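Q: Quick one, fold the following:
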Amino acid sequence: MLSKKMTGTLNAQVAAELYSSYLYMSMSAWLQNEGHPGAAKWMGLQAREEVFHAGKFYNYLLDRGGAVRLGAIEAPPAKWKSPLEVFEAAYAHEQKVTALIGNLMTLAKSEGDHASEIFLQWFVSEQVEEEAGTLEVVQKYKLAAGQGPGLFIIDQELGARTLSAEVKNALTGAPPAAD
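A: Residues are numbered from 1 along each chain as shown. Below is the predicted model of the structure:
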């Protein structure tokens, strides 16, 4: 059984993950409107991945007998100056999410909630990947220095992104692949 504090903090994380999705949807729309379809696709997939993360927290709450309490999600920003600024904001946001996951892990440890520690370990690893992925894009945009050919190449690379099989299956309801 989850503690009251853990239940509240996990519910807050559901909202944080859904906000992340909302933010990335807004970024995707801006990128599309500004003529960066590859980057828009990348951000759109990121938004879907955040819904998957929210679902993992939601289901964990239910599995552990916690009450799910969905709260309001604030409106994200809608304008940026450049694709670089979009990805810098995404990177900063992922760093905030990493801190939230760290706080959850600290709480689980302080409560001796081993099941939550094990559950949260997936997110600790995921956040390493999330930060590395967004930072890589930031670095590419900085290398391109706003030059058209470089931006075009980066946009093509970003447009090649696909969802992981785990996320794709979870979002489509498909059964996991057999090992």
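
Q: From the centroid of the protein, which residue is nearest?
A: residue 50 (4.1 Å; C-alpha atoms, centre = their mean).

Q: show me what contacts that one?
A: 17-18, 20-21, 24 (C-beta atoms under 8 Å, 6 or more residues apart in numbering). All C-beta spots, glycine's among them, are computed from the backbone N, C-alpha and C.

Q: Among the residues you listed, which one has the most neighbours?
A: Of all the contacts of residue 50, residue 20 has the most neighbours under the rule other C-beta atoms under 10 Å, reaching 26 neighbours.

Q: and the gap between it and residue 130?
A: Remark: distance between residue 20 and residue 130 (C-beta to C-beta, to the nearest Å) = 9 Å.

Q: Over to residue 154?
A: Distance of residue 154 to residue 130, computed by C-beta to C-beta: 19 Å.

Q: do residue 84 as well
A: Counting by C-beta to C-beta - residue 84 and residue 130 are separated by 18 Å.

Q: Comparing these two, which shows the higher neighbour count?
A: In this view residue 84 and residue 130 are compared by other C-beta under 10 Å, and residue 130 has more residues nearby, 24 against 20.

Q: secondary structure element for the more buried one?
A: Secondary structure from DSSP states H and E places residue 130 in helix 114-144.

Q: any idea of the mean pLDDT in that helix?
A: Averaged over helix 114-144, pLDDT sits at 94.

Q: now do stretch 46-64
A: Mean predicted confidence for stretch 46-64 is 97.

Q: tell me the contacts of residue 103?
A: For residue 103, the contact set (C-beta under 8 Å, 6+ apart) comprises residue 9.

Q: Next, it: secondary structure please.
A: With DSSP: H, G, I helix; E, B strand; the rest coil as the basis, residue 103 sits in helix.

Q: what does residue 74 give?
A: For residue 74, the secondary structure call by three-state DSSP comes out as coil.

Q: That one and residue 16: what is the separation?
A: From residue 74 across to residue 16, the span is 11 Å (C-beta to C-beta).

Q: what do you get for residue 84?
A: For residue 84 relative to residue 16 (C-beta to C-beta), the value is 25 Å.

Q: Show me what whichever helix or strand comes after the helix holding residue 130 packs onto, helices and strands only.
A: Note on helix 114-144: by DSSP H and E, the next helix or strand toward the C-terminus is helix 148-159. Applying 3 or more C-beta pairs under 8 Å, 6 or more residues apart in numbering; DSSP states H and E, we find helix 148-159 packed against helix 37-63, helix 83-111, helix 114-144.
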